[in-house]
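In: sharing a model prediction with you, sequence too.
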Amino acid sequence: MTATHLAELDARLGPVPTLSLSQRGLLPAAGRGVAVADAPGLPSRVAGALAGAAVGHALGYPHEFAREIRGPLAPRAGTPVGAEIELLAWSVETLLEHDLGAAPALAERLRCALRFRRAGRALPAALERLAGGAPWFEAGVGSHGSGAATRAIAAGVVLRDRPAWRSILAGIDAALTHASVDAVSVSVATADLVAALLALSGAQHDAAAILDPVIANLEHGAGRAALALARERLMGDAAPPASGPQAAEALAAATWHALRHLRAPAVAMASAVAALGDTDTIAALTGAFVGAANGIEALPEEWRRAVPVAARFESLATRVCAGSTDPASTRARQPGGAATDGVHVSFLLDRSGSMQSIVGDVIGGFNSFLREQQGQPGTCRMTLVQFDTQSPFEVLADDVDIRQMPLLDKVRYQPRASTPLLDAVGSLLDHAERRAHAAREEDQVVVVFTDGEENASRRWTREALFGRIERLKAAGWAFVFLGANQDSYAEGGGLGIAAGNVSNFDADAVGTGLAFASTSRSLSAFRRKQRGARVGQREDFFEGTKEAELRRLREKGKPN
């Protein structure tokens with residue numbers, strides 16, 4: 001670790017975290033691996049690495065530690081997303097948004113998390129420690145397990161052209177949950193191998209030629225040893241390394257399967273699963289390696305279609321390659337990293353009488369949401385409408401630059417009367433579609449905020465709105481539904497709004513504030529993306545984290 005890198009880490013993370021990690025051997029040296037230059041094929045390869053991990057994970061998920069494989073090897077539609085794949089997406093996002101501060105930002109997201117599928121042992125223990133107030137750099141447990149290895153793919157693609165920081169941040173990311181020297185070493189090696197495969201020439205496929213430079217540039221440790229073992233087995237035409245649950249075992253096995261079948265991604269992933277053992281992690285790593293080497297087009301299309309989360313990773317890849325020289329993947333960007341593609345937010349606010357109990361909380365929450373959005377870079381316009389039976393569609397602001405939006409106050413927002421929700425939504429869509437026909441190019445986001453069920457509509461039915469919303473979703477619109485005192489998933493789902501875009505909240509000060517904060521965080525992430533990268537978030541607006549619901553679940557879990 002050079003003095004310059006330490007100084008930058010101290011400035012960004014603080015001297016205590018860096019000293020703590022360093023003293024425990026969890027702060028890797030600055031890497032010396034390959035720096036991957038932008039090239040026309042790079043966006044496809046980045047997408048291949050990320051989507052390949054998702055596809056491989058789905059392929060291996062049903063067979064983890066099974067005794068035999070039954071039936072054809074193909075990803076099953078609807079296979080759940082395991083912890084390592086969800087956290088791979090989070091790691092990519094935090095690296096893009098926070099750079100050197102990615103680990104503490106990821107810790108904050110984890111602090112709000114309740115549980116993950118197939119989380120192993122280290123992650124739940126780290127979550128418990130974070131929830132108990134442990135600082136992010138002391139939350140990890142001394143595990144040698146493979147749970148953090150898949151997250152290292154994020155450093156490999158995002159920091160592909162910054163080898164020094166690629167190693168450092170891959171290691172710190174691992175230490176957040178798996179605070180062992182071996183787990184950190186394996187994550188560094190994984191990130192460097194991903195970068196090397198991104199830089200691979202189309203014709204190159206010799207395992208020794210690929211692995212030798214990577215191994216030579218790694219510090220001695222479990223990661224280097226794992227790659228050396230894979231190389232030895234490959235060059236000796238020997239059987240693959242054991243498919244065990246330790247990080248070093250997973251890396252060695254995945255490297256063998258990937259480089260043995262480098263130009264046949266489907267064969268490589270199937271081979272990783274057929275070897276049994278820790279199939280979901282090893283197949284995920286294998287998928288990432290072959291995807292990085294060949295590009296996303298080489299992954300079987302029917303497999304990608306069967307794994308919906310793969311589309312989310314393709315969208316993330318667009319963000320990762322925002323500076324690529326590939327004309328198909330670039331658009332002009334404004335200072336601060338915000339896409340120039342505009343967003344229009346149509347916000348429908350319930351002001352029926354039941355909102356009276358939280359009127360101050362709604363005003364405060366909305367104004368906090370507005371101030372945060374006004375501070376974001378990029379173009380955003382807003383239409384704000386409130387509704388009740390006395391005034392079923394009252395426009396408070398129409399197509400206004402969000403920086404010019406006035407704050408909400410008690411003069412304009414006075415709860416009263418009943419809740420004609422369906423009529424209000426229908427009128428809002430009439431209004432929004434007329435405006436959207438203008439020449440201005442922008443993504444449409446419709447947000448509904450209500451604390452009560454429909455009880456007074458006369459013009460619109462759920463069935464009619466469902467059809468209309470489905471049509472607009474097909475045209476690229478995003479719909480968000482926040483509800484209290486009701487089953488918001490039933491209400492929103494009855495209108496055609498995806499479950500990933502729905503959130504319940506408690507009708508009190510904390511619940512209302514969290515609902516607005518969650519919406520603001522998600523909208524900020526949406527606005528930072530280029531238009532092509534927003535596709536995945538249109539059906540998963542909150543990207544897996546709904547702060548208001550996490551609070552409700554935690555409160556229910558407390559003893560009386």
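Out: That came through, no problem.
In: okay, the nearest residue to Ala122 once chain neighbours are set aside: pLDDT?
Out: Closest residue to Ala122 apart from its sequence neighbours, by CB to CB, 6 or more residues apart in numbering: Ser143 at 3.7 Å. For the C-beta atoms, the positions are set from N, CA and C on the backbone; glycine is no exception. You'll see Ser143 listed with a pLDDT of 94.
In: do you know how far Pro213 is from Asn501?
Out: Counting by CB to CB, to the nearest Å, the gap between Pro213 and Asn501 amounts to 45 Å.
In: low pLDDT regions in the protein?
Out: The model of the chain has pLDDT under 70 over residues 1, 71, 78-81, 112-119, 323-340, 437-440, 552-560.
In: follow-up on the earlier one: next, the residue nearest to Ala122: secondary structure please.
Out: coil (DSSP: H, G, I helix; E, B strand; the rest coil).
In: show me what contacts it?
Out: When contacts are counted by CB atoms under 8 Å, 6 or more residues apart in numbering, Ser143 is found next to Gly120, Arg121, Ala122, Thr177, His178, Ala179, Ser180, Ala183.
In: can you put these in TSV and add secondary structure, neighbour count and distance to Val345?
Out: Formatted as TSV, these follow (DSSP: H, G, I helix; E, B strand; the rest coil; neighbours: other CB atoms under 10 Å; distance: CB to CB, whole Å):
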residue	secondary structure	neighbour count	distance to Val345
Gly120	coil	21	39
Arg121	coil	12	42
Ala122	helix	22	39
Thr177	coil	30	35
His178	strand	30	40
Ala179	coil	23	41
Ser180	coil	23	45
Ala183	helix	32	42
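In: now, which of the residues you listed sits nearest Glu549?
Out: Nearest to Glu549 among those, counting by CB to CB, is Thr177 at 22.9 Å.
In: in contact with that closest one, which residues are there?
Out: Ala122, Leu123, Ala126, Ala139, Gly140, Val141, Ser143, Gly147, Ala148.
In: and the last one, that's in a strand?
Out: It stands for Ala148. No. Going by three-state DSSP, the assignment for Ala148 is coil, not a strand.
In: I'd guessed it sits against Ser187; true?
Out: Yes. In this structure, Ala148 is within contact of Ser187 by CB atoms under 8 Å, at 5.7 Å.
In: okay, and the common contacts of those two?
Out: Common neighbours of Ala148 and Ser187 (CB under 8 Å, 6+ apart) are Asp173, Ala174, Ala247.
In: give me the nearest residue to the last one, chain neighbours excluded.
Out: Take Ala247 and drop its neighbours on the chain: the residue closest to it by CB to CB, 6+ apart is Val186, 3.9 Å away.
In: now swap in Asp423 and tell me
Out: Nearest non-adjacent residue to Asp423, counting by CB to CB, 6+ apart: Ser457, 4.2 Å away.
In: can you tell me which residues contact that neighbour?
Out: Pro420, Leu421, Leu422, Asp423, Ala424.
In: ok, and the most crowded of these?
Out: Neighbour counts for those (other CB atoms under 10 Å) peak at Ala424, which has 29 neighbours.
In: was I right to think that one contacts Glu394?
Out: No. Using CB under 8 Å as the test, Ala424 is too far from Glu394 to be in contact (9.5 Å).
In: overlap of the contact sets of those two?
Out: Shared contacts of Ala424 and Glu394, defined by CB under 8 Å, 6+ apart, are found at Val385, Phe387.
In: on that earlier part again, among the shared contacts of Ala148 and Ser187, which one sits closest to Arg231?
Out: Within these, the smallest distance to Arg231 is 17.6 Å, found for Ala247 (CB to CB).
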